[in-house]
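>>> 3D, please:
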Amino acid sequence: METLVTGVTAALLTLFDLDRIFYVPAKVQRKLSLYVWWWSFVVINGLLAILLYFIVKDLDGFKDMNGWLKAVVIGIGYLALIRLKFTTFNFQDKEVPFGIEAFYEAGKAFVFKRINNIAKQARFTETMELASAKALGDLTTQARMYIEQDQLISPEEKRARQIWLLSIIRDVNTTEFDKKAVIADYILSGQRSNIP
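Numbering: from 1, shown residues only. From the prediction side, this is the model:
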């Protein structure tokens, strides 16, 4: 049971990280591919944490620890361990880490690139549908309400988002549809983009 707690702890932290980084619309054309990449990454991290549990569970620091606490500590510790780098080399004027982190980051980048491509395609489709379906005034009102009703941002951040929204609306060099698309993207994802 303790091994399961270790795996679930690492898997949950991985899931929280993915959820924090990626906004993926509900309607995704390549949903199966998305689920395979997403959940494979979560499960692999959980399984690697379980492997770490078997390696370190009887070491001096863990031997006398409460079983449940040991499981949680190792699950969290796994995520710290994979970011471990032994040293950093300078190669072509770039710092290159050497250690477990280099392998983990390469694998993570591989998975994240695929998830990001699927998410971008779905976000584009969702944004274009909303921008086409509503008038600029309706989108602006909806965006203002989203800003005002967001309980997770500070008053200063609300003010910054209102200024951003106003700058999008007042931009005279941008077409109405581009404004609608930027505002629609904000409504759907909460991410602010700039009009070129």
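>>> tally of neighbours for L136?
Residues lying near L136 (other CB atoms under 10 Å) number 15. Bear in mind the C-beta positions are built from the backbone N, C-alpha and C, glycine included.
>>> against D150, how distant is it?
Distance, L136 to D150, by CB to CB, to the nearest Å: 21 Å.
>>> which residue lies nearest the spatial centre of the chain?
The centre of the chain sits closest to I21, judged by CA atoms, centre = their mean, with a distance of 1.4 Å.
>>> isn't it up against F112?
Yes: at 7.4 Å, I21 counts as touching F112 under the criterion of CB atoms under 8 Å.
>>> where does pLDDT dip in the chain?
For the chain, applying pLDDT under 70 flags the ranges 84-89, 96-99, 196.
>>> longest helix in this protein, please.
helix 100-133 (DSSP state H).
>>> can you list the buried residues in that one?
101, 104, 108, 112, 114-115, 118-119, 122-123, 126-127, 130-131 (16 or more other CB atoms under 10 Å).
>>> for it, packing partners?
Helix 100-133 sits against helix 31-56, helix 176-189, with contacts defined as 3 or more CB pairs under 8 Å, 6 or more residues apart in numbering; DSSP states H and E.
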